[in-house]
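> Provide a 3D model corresponding to the input given below.
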Amino acid sequence: MLKIENLHAEIDGKQILNGLTLEVGAGEVHAIMGPNGAGKSTLAYVLGGRPGYEVTQGSVTFNGQDGQAIDMLELETHERAAAGLFLGFQYPVEIPGVSNVQFLREALNSQRKARGEDPLTGGEFLKLAKEKAALLKLDMEMLKRNVNVGFSGGEKKRAEMVQMGILDPRLAVLDETDSGLDIDALRTVGEGINAIMRQPDKGVLLITHYQRLLDYVQPDKVHILARGRIVKTGGPELAHDLEREGYEALGEEVGA
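Predicted coordinates for the structure are as follows:
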């Protein structure tokens, strides 16, 4: 589904990714962990097409909504979204003056239009929104409020997962979705990710600092990213090893 080969990227002339290679198959959840400054968020931003991040070498191939392989790096940000990519942010932004319902309906119908599909009516959209909000235990009244304005950290993350459910992506890249969540919200978000994305035709790239979210979203593989590249790959037990021993136990592999 997602194939990254020898990816090099920089921002403001500073090299961040240094030959990163990674492949995520359909139906798989992959977790990426690593020390601060390793390049985890840079990877998410490069995949999402954030301005300012320049790819200097390598390729990213993505099997989009129609199942056809496409060169993701050739697409604009909105084209990547329409092709089936969803990027979850560590710090979801507030958008005063725009309600969640309005924002999400416009976003969904814009993507549907790009794929040659008919837009949803107001009634059809509200039915879908209620269904996805229920998965994340988010009151529909929250979706009538301005996007993330006055939301707690946990509410922002749950609202973002509702957004993911409504947009129904093929691949979700989630950048520290567990940041700022208490125990109950962590469980709810984890269960929401499983309900929405644990499908045979979908994939998840889950970026996290901690093992705790992986108790709820069991990854097929765990990768350690350090100095801009993947230095170690293992199963879920690798995250437990890191939680117990820290990155210093990996020594020179992570530059410790």
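
> Which stretches in the stretch 101-250 of the chain count as strands?
Along the stretch 101-250 of the chain, the segments classed as strands by DSSP state E, counting those that start in this stretch run 146-147, 171-175, 203-207, 221-226, 229-234.

> Let me have those in TSV, adding distance to residue 16 and mean pLDDT as columns.
The way it works is simple: take the backbone N, C-alpha and C, and place the C-beta from them, glycine included. TSV is the format used below for the strands of the stretch 101-250 of the chain (distance: least, Cβ to Cβ, whole Å; pLDDT from 0 to 100):
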stretch	distance to residue 16	mean pLDDT
strand 146-147	29	94
strand 171-175	14	96
strand 203-207	14	96
strand 221-226	11	96
strand 229-234	10	96
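
> Next, format the ones you listed as a markdown table and append distance to residue 100.
As requested, the strands of the stretch 101-250 of the chain are exported to a markdown table (distance: least, Cβ to Cβ, whole Å):
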| stretch | distance to residue 100 |
| --- | --- |
| strand 146-147 | 5 |
| strand 171-175 | 19 |
| strand 203-207 | 23 |
| strand 221-226 | 32 |
| strand 229-234 | 36 |
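
> Could I get the ones you listed in CSV, plus columns for mean neighbour count and distance to residue 96?
Shown next, in CSV, are these (neighbours: other Cβ atoms under 10 Å; distance: least, Cβ to Cβ, whole Å):
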stretch, mean neighbour count, distance to residue 96
strand 146-147, 20, 5
strand 171-175, 24, 23
strand 203-207, 25, 28
strand 221-226, 22, 35
strand 229-234, 16, 39
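
> Which of those sits closest to residue 109?
Distance to residue 109, taken as Cβ to Cβ, is lowest for strand 146-147 among these, at 16.5 Å.

> what stretches of this structure score poorly on pLDDT?
251-256 (pLDDT under 70).

> how about 50 then?
By pLDDT under 50, the weakly predicted segments of the chain are 256.

> can you give me the helices in it?
Assigned by DSSP state H, the chain shows helices spanning 40-48, 77-83, 100-114, 122-135, 140-143, 153-167, 183-197, 237-245.

> what residues does the last one touch?
Read that as helix 237-245. Contact partners of helix 237-245, identified using Cβ atoms under 8 Å, 6 or more residues apart in numbering, comprise 31, 33, 210-211, 214, 219, 222, 224, 232, 234, 249.

> Check these and tell me the two furthest apart.
219 and 249 (19.7 Å).

> These two: which has the busier surroundings?
residue 219 (23 against 12; other Cβ atoms under 10 Å).

> Please name the nearest non-neighbouring residue to the more buried one.
The shortest distance from residue 219 to any non-neighbouring residue, by Cβ to Cβ, 6 or more residues apart in numbering, is to residue 31 (4.1 Å).

> show me the residues around residue 20 that make contact.
4, 6-8, 39, 43, 58, 225, 228-230.

> Name only those of those residues that count as buried.
Neighbour counting over the contacts of residue 20 (16 or more other Cβ atoms under 10 Å) leaves 4, 7-8, 39, 43, 58, 225, 228-230 as the buried ones.

> ok, of these, which one's closest to residue 170?
Distances from residue 170 to those, taken by Cβ to Cβ, are shortest for residue 4, at 15.8 Å.

> So the closest one is in contact with residue 17, correct?
No. Residue 4 lies out of contact with residue 17 (Cβ atoms under 8 Å); the separation is 9.3 Å.

> residues near the closest residue to residue 42 other than its chain neighbours, how many?
Leaving aside its sequence neighbours, residue 42 sits nearest to residue 16 (Cβ to Cβ, 6+ apart; 4.3 Å). Residues lying near residue 16 (other Cβ under 10 Å) number 23.
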